[in-house]
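1. Structural data only, the sequence is not supplied:
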């Protein structure tokens, strides 16, 4: 299992089963994982944590991903935080490019895929 040098990761996922697996895998690899399962005050939550990476489900309830990214990039504390989008959406590559995400992870994904994207980001 790849190690990722203990990054602080903010994980935004509404599927509790996927969330728990991602959290477990990332923590086992030495990362600190902060989770969000609700959209209220999400930017405020992220700003308080100041993560090194954000992994976000692009279809997270209550969030319009383009609007969220715009607001995040306008926030001086969050503008440079790498953003990895996660989705089963067949258009994930195009969506990631359109919103200028730093990368994408297509569901279903392997443990190795998850760790690799964190290591390289």
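-> Great, that's in hand. Keep in mind it's a predicted model, so treat the numbers as computed, not measured.
2. Start from the N-terminal end of this structure and give the helices.
-> Taking DSSP state H, the helices of the chain run over residues 16-28, 42-49, 65-74, 92-98, 111-120.
3. Now distance to residue 34 and mean neighbour count too, for the ones you listed, in JSON lines please.
-> Every residue, glycine included, has its C-beta placed from N, CA and C. JSON lines is the format used below for those (distance: least, CB to CB, whole Å; neighbours: other CB atoms under 10 Å):
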{"stretch": "helix 16-28", "distance to residue 34": "9", "mean neighbour count": "15"}
{"stretch": "helix 42-49", "distance to residue 34": "5", "mean neighbour count": "16"}
{"stretch": "helix 65-74", "distance to residue 34": "15", "mean neighbour count": "15"}
{"stretch": "helix 92-98", "distance to residue 34": "22", "mean neighbour count": "15"}
{"stretch": "helix 111-120", "distance to residue 34": "14", "mean neighbour count": "17"}
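4. can those helices go into JSON lines with extra columns for distance to residue 36 and mean pLDDT?
-> Output for these, formatted as JSON lines (distance: least, CB to CB, whole Å; pLDDT from 0 to 100):
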{"stretch": "helix 16-28", "distance to residue 36": "9", "mean pLDDT": "94"}
{"stretch": "helix 42-49", "distance to residue 36": "6", "mean pLDDT": "90"}
{"stretch": "helix 65-74", "distance to residue 36": "12", "mean pLDDT": "90"}
{"stretch": "helix 92-98", "distance to residue 36": "20", "mean pLDDT": "94"}
{"stretch": "helix 111-120", "distance to residue 36": "17", "mean pLDDT": "94"}
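5. Distance to residue 85 added to those, as TSV?
-> Shown next, in TSV, are these (distance: least, CB to CB, whole Å):
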stretch	distance to residue 85
helix 16-28	14
helix 42-49	15
helix 65-74	7
helix 92-98	5
helix 111-120	10
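6. To residue 8, which of these lies closest?
-> Nearest to residue 8, of all these, is helix 42-49, at 7.0 Å by CB to CB.
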